[in-house]
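Trainee: With the sequence up front, the predicted model follows.
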Amino acid sequence: MKILVVDDEKTLVKGIKFNLENEGYQVECAYDGAAAVDLARNEKFDLLILDVMMPEVDGLEACMRIREFSNVPIIMLTAKSEDADKLMGFECGADDYLTKPFNILELKARVRALLRRAAGVQRVQGAVLTVGDISLNTEERVAIRNGEIVDLTAKEYDLIELLMRNPRRVYSRENLMNVVWGYTYAGDYRTVDVHIRRLREKLEKNPAEPDHIMTKWGVGYYFKG
């Protein structure tokens with residue numbers, strides 16, 4: 001699988017590249033956001049690792065631009081640890097977030113998890129899941145509403161598939177973090193709220209008054225057919 005690593009710290013990029021190549025990945029490198037957007041547009045990558053603070057075009061802007069034409073899984077890197085910065089990354093379309101300095105073993109674990117989910121290892125081959133006016137092609141990991149394909153990020157897709165496979169089952173934000181993300185962001189469950197809002201914007205006729213992606217106040221979220 002092919003990974004693009006983008007950071008203006010060339011020593012860090014070199015270290016990440018070395019470790020990922022030792023895992024068998026093909027790795028390309030860039031050092032600013034503009035180059036990241038160009039490479040993502042012109043080449044096929046299975047995953048992107050983007051630093052937030054970069055010259056010319058920062059990682060958040062690069063992520064938003066890439067999301068205009070690609071749903072490739074994206075991990076954001078940042079020196080900041082505030083929840084607001086993490087949420088901004090998710091708002092821009094990132095799938096995961098890692099704060100510097102980080103353990104390279106954790107980065108590799110998150111890379112594996114995202115690639116595994118994106119490849120749909122656990123999906124049912126050839127299945128089409130339909131609830132109401134929303135359908136999921138679980139083989140191609142594609143969402144369809146009223147006959148039209150809706151672009152979802154990897155985590156958005158994982159989240160809506162879980163909810164649709166278990167209609168009317170209420171999941172707390174902690175449950176969703178553990179099941180969809182595979183590990184816990186301590187005290188950062190607002191990440192789930194961001195993804196739910198984005199799914200409503202993409203899949204609901206009226207996001208302010210959703211028909212399917214529902215809130216059970218004080219408990220969590222569920223899908224209504």
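Mentor: Received, thanks.

Trainee: only C-alpha atoms for contact and neighbour calcs from this point on.
Mentor: Will do.

Trainee: Outline the domain layout of the protein.
Mentor: 2-119, 128-223 (automatic domain parsing).

Trainee: can you tell me the distance between the two ends of the shortest one?
Mentor: Criterion Cα to Cα, to the nearest Å; first-to-last residue distance in domain 128-223 is 17 Å.

Trainee: in stretch 141-159, what's buried?
Mentor: 141-145, 150-159 (16 or more other Cα atoms under 10 Å).

Trainee: what about the closest residue in space to residue 190 that isn't next to it in sequence, distance to residue 136?
Mentor: Counting by Cα to Cα, 6 or more residues apart in numbering, residue 190 lies nearest to residue 87, which is 7.5 Å off, once chain neighbours are set aside. Using Cα to Cα, residue 87 is found at 26 Å from residue 136.

Trainee: List the buried residues for whichever strand or helix holds residue 35?
Mentor: Residue 35 belongs to helix 33-42 when assigned by DSSP states H and E. For helix 33-42, the neighbour count (16+ other Cα under 10 Å) marks 33, 34, 35, 36, 37, 39, 40 as buried.

Trainee: Then stretch 18-35?
Mentor: Buried, per 16+ other Cα under 10 Å, within stretch 18-35: 19, 20, 27, 29, 30, 31, 32, 33, 34, 35.

Trainee: avg pLDDT for the lengthiest helix in the chain?
Mentor: In the chain, taking DSSP state H as the definition, the longest helix is helix 104-119. Per-region confidence: helix 104-119 scores 86 on mean pLDDT.

Trainee: What helices and strands are in contact with the following helix or strand past that helix?
Mentor: Beyond helix 104-119 on the C-terminal side, the first helix or strand identified by DSSP H and E is strand 128-131. Packing partners of strand 128-131 (3 or more Cα pairs under 8 Å, 6 or more residues apart in numbering; DSSP states H and E): strand 134-137, helix 154-165.

Trainee: now for the helix or strand harbouring the residue nearest to residue 190, which elements pack on it?
Mentor: For residue 87, the host element (DSSP H and E) is helix 83-91. For helix 83-91, the elements it packs on are strand 96-99, helix 190-203, judged by 3+ Cα pairs under 8 Å, 6+ apart.

Trainee: Just the CA trace of the shortest one, in CSV.
Mentor: Just to be clear, that refers to strand 96-99. Taking Å, rounded to 0.1, in the frame of the first residue of the first chain, the C-alpha atoms of strand 96-99 are listed here in CSV:
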residue,chain,number,x,y,z
ASP,A,96,-7.5,10.4,12.9
TYR,A,97,-5.3,12.8,14.9
LEU,A,98,-1.9,12.3,16.6
THR,A,99,-0.2,14.8,18.8
